[in-house]
Structures are given as C-alpha cells and as structure tokens.
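coords please:
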Amino acid sequence: GNQFLLSRIRGLCHGTSPKTWELAAERAYLQILVLGSYDVTSSASWSGTPYYCTQALKRVFSDVRTLTFRKVTEIPRSSVRKIKEYAALNRTYFWNRDLEVQKSRAAAINALLREDVNVSAIIVFNPSDAAYLKTSAPIGIVLDATWKQYVSAYSDFMQWKFCSETLEDGGAGEQLGFENATALFCLTSWAADGVSKEYPRLSHKALITHPGANLSECPQIEEVRSWISLRPQKQCQLLFVGKQGYRKGLEIAFTVAEILRRRGIHAHLDVVGNDEISQDSVASFVTVHGVLRKTVEPEALLLRRLYAEAFLLLLPARAECAGIVICEAAAFGVPAIVSGAGGTKDLVTHNETGVIAGPDATPEKYVEAITSLYHDQIRYCQMALAARTKHDQDLNWDVSVRSMMNHLARSKNGEVRHLRLNTFAGM
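Down below sits the predicted model:
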C-alpha cells in the first residue's frame with residue numbers, strides 16, 4: 001500500500017528531505033490521462049491552451065499520458081457528408097459536437113479505460129468529450145466558457161454560422177459532460193458564473209482555476225526587472241496580440257496610438273497574430289508582424305523581444321472568453337490595459353497589475369490611462385513588477401494544474417483518493 005511505496009521511495013531518496021520523498025511518492029502514485037478531441041500535442045490547438053496545460057502537468061507529475069480521440073477513431077463518413085451538406089447552406093457543422101459521434105468515440109475510449117486500471121484522474125478540454133465516459137476515475141473539464149456563452153459572445157464576430165444541429169448537440173453534449181464530471185475548472189469567474197446560471201444544480205462543481213501563459217519558457221525575474229527599468233525611457237511601445245481584429249478591438253488600438261502621438265507621446269503599435277491587414281494598409285507608427293509561431297525559433301524569438309520591449313499590452317476587446325495573452329504579457333512584466341469583456345477582468349487587478357477600462361470605454365479613456373502611466377515611472381515600475389508577481393503566484397499553468405489535482409485527488413464521494421497533494425501544492 002502507501003506505506004510500502006513510501007518506504008521504497010525513502011530508500012531511493014536517501015539523504016533528501018521528507019518533503020522531497022513525499023513529493024516523489026505523489027508523482028509515482030498519481031497517474032493522469034489527458035484525452036479528448038483537442039490535439040494536446042500541438043500548440044496550434046485552441047491557442048495552445050490544451051498543449052501548455054498538458055506540458056505543465058508533465059512538469060509537475062511524472063506519469064501523464066495523452067490520448068486524442070482522432071487517434072482512436074477517424075472522422076465518420078456521415079460527418080464528412082454533413083460537413084459538405086451544411087457548407088453548401090453556408091452553415092458550419094462541428095463533427096466533434098455530434099452526440100452520435102461522441103457515443104462511438106467514447107465506446108472506443110471506454111474499452112481502453114477498462115483495460116487500464118491505473119488511471120487516477122482524467123482531464124478533458126471539451127465538455128462533450130466527457131459526456132459518455134464510463135470510469136471510476138475523477139474527471140476534470142477545463143473550460144473558458146460554456147457553450148451558450150461562447151456562441152452568444154462570438155456569434156456576431158464569426159465569419160461562419162453554426163448549423164442548428166451543432167447548436168443543439170453542443171449544449172446537450174456539454175450538459176452530459178458536466179453531469180459526468182467531478183470538477184469543472186473554469187479559467188475565469190465569468191465562465192464559472194455561466195455554469196452557475198445555466199446549470200444551477202451543478203454549480204458546486206465549478207471551480208475558478210486561472211489560466212497560465214502559453215509559453216515554453218518563462219523569462220527570469222532578473223531579465224524582467226532589467227526590461228522594466230528601460231521601458232519608460234524609450235518610446236511608448238504598445239503591443240496588440242490577436243487574430244480577429246474587430247472582435248479584439250484592433251481599430252481602437254490604432255486610434256489610441258494615433259491620439260497619443262498627437263498629444264506628444266512617441267507611441268508605436270506592434271500588431272501580432274492578425275493576418276487580415278498588411279503593412280501597406282497601416283500608418284507608419286504601426287508594425288504588422290503577422291502570425292508568429294511559437295514553434296518556429298526565429299518567430300518565437302521575435303515574439304519574445306516584442307513582449308520584452310512592450311510598455312503595455314493593449315486588449316480593447318469587444319468579446320473575449322479569457323485572454324491568455326494577458327498571462328503571457330504578465331510573465332514579461334508587461335501590464336495590460338483591457339476592456340474587461342468576458343473573463344479578461346479576472347486576469348487583471350485594476351490599477352495594480354493593469355487597467356480595466358470598461359467594455360464601453362472610448363479610445364480617449366485608454367489614452368488617459370496610458371498617458372498617466374507614461375509620465376509616472378515609479379507607478380509604472382510598480383505595476384509592471386506586480387504583473388509579474390501575479391503571473392508567478394496565479395497566472396501560470398504550474399500553479400493551475402496543482403490546484404486541479406488537489407481537487408481531483410479526492411474521489412466523487414469526497415474520500416481521499418490515493419495521496420493528498422497538499423504538500424506538493426505549496427512547492
């Protein structure tokens with residue numbers, strides 16, 4: 001049992017502190033399976049969130065395995081046919097939300113789970129992926145919005161519209177997944193509020209677990225302090241990171257930079273992630289970098305430099321579920337000025353790690369906040385360091401996955417499952 005395991009690890013860790021071998025015991029004993037329709041081996045899937053969360057799990061625990069549904073079952077022919085039929089009607093069909101597809105995929109997964117009795121916890125990133133799982137292991141779902149929140153917030157900004165089948169199955173699959181799950185790890189209080197309002201009977205499962213920076217390597221604090229000390233002495237470098245320009249408020253960012261320059265502040269705007277505009281179509285004080293892939297070294301190095309040199313991250317979004325870029329900026333000690341739309345207000349402590357301008361804020365309000373910080377070096381440095389501290393203590397995936405496992409280490413009936421992770425969570 002546990003005592004035998006601990007005695008074996010004591011022998012392996014001879015000469016180390018009790019905390020070390022307790023940690024080793026937890027790593028050896030807790031086995032985690034990450035599965036679902038998102039490819040957790042790719043940083044391109046869901047802005048990299050499943051990938052970077054899984055990488056953190058692997059850093060924290062020694063036994064983490066991944067299984068993507070597509071590697072078990074191919075896309076059914078019926079789904080391929082529906083994709084084409086709905087496309088002809090200018091509608092989008094999501095095959096991974098189809099309940100019949102979910103049932104067939106779950107059957108294959110359940111067969112594997114029956115053979116593997118060592119799975120102690122399961123993590124999924126699409127609620128529907130948990131709908132038909134049959135296992136005694138606790139299931140945790142990581143989400144940044146409910147299906148209704150996602151559709152409501154983003155529908156006005158989508159180039160495509162969901163078909164009625166996808167809209168219905170998306171909601172039904174989500175409810176089944178929520179009911180089957182042990183915990184719903186909501187990346188913001190906005191998502192948790194959505195669960196509570198839409199599924200009041202399941203609200204006790206909603207746990208706020210903030211996201212982390214989707215970065216392979218976090219800069220050292222010494223580097224960050226050096227960058228912060230130089231920024232107010234240079235031009236006002238504003239950074240905008242986002243793919244969908246209108247939804248993210250890109251034209252507001254253009255206006256903000258222009259007004260700042262008219263008022264005597266040498267502002268420059270760097271735009272990353274957007275492929276809708278070209279350098280020829282913007283003003284001289286804007287640099288369009290396009291999509292920068294974190295898996296391509298020259299592009300990753302450029303993104304790192306842009307974060308390091310940025311005075312502020314500007315995110316005047318009209319709709320945003322979480323805003324992972326806020327976490328990334330915080331890792332570099334870059335405060336964020338955000339609209340507060342969706343879950344973004346959760347990731348910024350107003351007037352401490354950044355500024356929440358408000359969903360209806362005019363460009364002038366952003367300008368006022370930026371101007372105030374630009375002319376107050378002491379306050380800016382305090383805010384930048386506070387942003388980095390918030391990243392270290394809250395907005396990083398290592399902290400998040402430890403919190404998740406602390407919850408999933410308990411079985412559905414509330415009893416401790418295997419070893420508690422309390423000692424590990426503080427390390």
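
got any ranges where the stretch 1-150 of the chain has weak pLDDT?
Within the stretch 1-150 of the chain, the stretches with pLDDT under 70 are 1-30, 69-74, 116-117.

now with 50?
Along the stretch 1-150 of the chain, segments meeting pLDDT under 50 span 1-28.

Tell me the spacing between residue 41 and residue 58.
Going from residue 41 to residue 58 by C-beta to C-beta, to the nearest Å gives 11 Å. Using the backbone N, CA and C atoms, a C-beta is placed for each residue, glycine as well.

right, I mislabeled it, should have said residue 160
Applying C-beta to C-beta to residue 160 and residue 58 gives a distance of 35 Å.

Mind checking which of the two has more residues around it?
Neighbour count, other C-beta atoms under 10 Å: between residue 160 and residue 58, residue 58 has more, with 15 against 10.

Next, the contact list for the more buried one, please.
residue 64 (C-beta atoms under 8 Å, 6 or more residues apart in numbering).

just residue 106 next, same as before
With contact set as C-beta under 8 Å, 6+ apart, residue 106 has these partners: 131-134.

Where do the strands of the stretch 101-250 of the chain begin and end?
In the stretch 101-250 of the chain, the strands defined using DSSP state E, counting those that start in this stretch lie at 121-124, 139-143, 161-162, 183-186, 206-208, 236-241.

residues of stretch 125-142 that come out buried?
By 16 or more other C-beta atoms under 10 Å, the buried positions in stretch 125-142 come out as 125-133, 135, 137-142.

That should have said stretch 144-159, apologies.
Neighbour-count burial for stretch 144-159, counted by 16+ other C-beta under 10 Å, picks out 144-147, 149-151, 153-154.

which residues does residue 184 bridge with?
Using DSSP bridges, the beta-bridge partners of residue 184 come out as residue 141, residue 206.

separation between it and residue 218?
Taking C-beta to C-beta, one finds residue 184 at 27 Å from residue 218.

neighbour count winner among those two?
Counted by other C-beta under 10 Å, residue 184 and residue 218 do not tie: residue 184 has more neighbours, with 27 against 18.

surely the more buried one meets residue 204?
No. Assessed by C-beta atoms under 8 Å, residue 184 is found out of contact with residue 204, at 9.6 Å.

What is the burial count for the residue lying closest to residue 188 once chain neighbours are set aside?
Distances taken as C-beta to C-beta, 6 or more residues apart in numbering put residue 343 closest to residue 188, at 2.9 Å, once the chain neighbours are dropped. By other C-beta under 10 Å, the residues close to residue 343 number 28.

thinking again about what came up before, out of the buried residues of stretch 125-142, which is nearest to residue 278?
Among the buried residues of stretch 125-142, residue 125 lies closest to residue 278 (C-beta to C-beta), at 33.6 Å.
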